[in-house]
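Asks: okay, predicted coordinates and the sequence, questions at the end:
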Amino acid sequence: MSTSIQPTLRYAVISRSTLASNIALAIGGTFFIALMAQISFPLPGSPVPFTGQTLAVLLLGTAYGANLGFATLSLYIAAGVAGLPVFTQGTHGISHLSGATGGYLVGMALASYISGSLAQRKLDQKFSTVIPTMLLSNLVIFACGVLWLQHVTQQSWNWTFAHGFTPFIAGEALKIAIASTSLPVVWRLVTRLK
């Protein structure tokens, strides 16, 4: 991970970047994602539940930057595969990665890198630029998720979109609204306190 100062919230709040601070942030971020994964609602007929994970990914990826965001999501996935109860409803195991939700998990890791990269270009500091960042990140999550869901289930594309994308649109719009409004506000507060 780079030790140069980058314009992300992580560096604005904790300006020193050491191995210890990055490990602590990655572990803390993993706990946050795991906590948000417990906000889970099954959707009728869908093997993919509605969770708070994507909101955590949008916030952490953007706040942490590309490398630390990706490392945190990778740690989260590895912890779940290794047996820690970090996935929805306190579950764990390789089946989450190889099964119907695997594409969404991989998409979350990629989205954290993308949102972090865009945040390093200061695109998370204004409402007008953070919304496209959040939309792009969400599209990556669902593109990976839907492609993998169709591959695993071998269902038609109509079924896949009806069970792996369409039911999530309203919830994801709310998560994007939360992330897009909170990040510029936090930036203003941090800037005033500095």
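Replies: Happy to help now that I have it. Numbering: from 1, shown residues only.
Asks: list the buried residues for the host helix or strand of Leu73?
Replies: When elements are defined using DSSP states H and E, Leu73 is found to belong to helix 66-82. Of the residues in helix 66-82, those scored as buried under the neighbour-count criterion (16 or more other C-beta atoms under 10 Å) are 66-73, 75-77, 79-81. All C-beta spots, glycine's among them, are computed from the backbone N, C-alpha and C.
Asks: just the residues contacting the host helix or strand of Val185, thanks.
Replies: With elements delineated by DSSP H and E, Val185 resides in helix 169-193, which encompasses its position. The set of residues external to helix 169-193 that reach it, using C-beta atoms under 8 Å, 6 or more residues apart in numbering, is 9, 12-13, 50, 52, 54-55, 58-59, 62-63, 124-127, 130-131, 134-135, 138, 142.
Asks: thinking again about what came up before, quick check, nearest of the buried residues of helix 66-82 to Gly28?
Replies: Closest approach between the buried residues of helix 66-82 and Gly28, by C-beta to C-beta: Thr72, at 8.5 Å.
Asks: show me the contacts for that closest one.
Replies: For Thr72, the contact set (C-beta under 8 Å, 6+ apart) comprises 25-26, 29-30, 33, 60, 64, 112.
Asks: can you rerun that using 10 Å?
Replies: With contacts defined as C-beta atoms under 10 Å, 6 or more residues apart in numbering, the neighbours of Thr72 are 22, 25-30, 32-33, 56-57, 60-61, 64, 109, 112, 116.
Asks: with Gly83 instead?
Replies: Counting by C-beta under 10 Å, 6+ apart, Gly83 has contacts 92-94.
Asks: now Thr153: phi and psi?
Replies: phi -90, psi -20 (degrees, to the nearest 10).
Asks: can you pull the buried residues of the helix or strand bottoming out on mean pLDDT in the chain?
Replies: Of all helical and strand segments in the chain, the minimum by mean pLDDT, DSSP states H and E falls on helix 9-13, at a mean of 89. Buried residues in helix 9-13, counting neighbours by 16+ other C-beta under 10 Å, are found at 9-12.
Asks: next secondary structure after it?
Replies: helix 19-37.
Asks: what angle do that following helix and helix 169-193 make?
Replies: 140 degrees (axes from the mean of the first three to the mean of the last three C-alpha atoms, to 10 degrees).
Asks: can you list the buried residues in whichever helix or strand comes after the helix holding Leu73?
Replies: On the C-terminal side of helix 66-82, the closest following helix or strand by DSSP H and E is helix 95-98. Within helix 95-98, the residues that count as buried by 16+ other C-beta under 10 Å are 96-97.
Asks: for the record, mean pLDDT for helix 95-98?
Replies: The predicted model assigns helix 95-98 a mean pLDDT of 94.
Asks: going forward, begin numbering at 10 instead of 1
Replies: Got it, the first residue is 10 from now on, which makes the last one we talked about helix 104-107.
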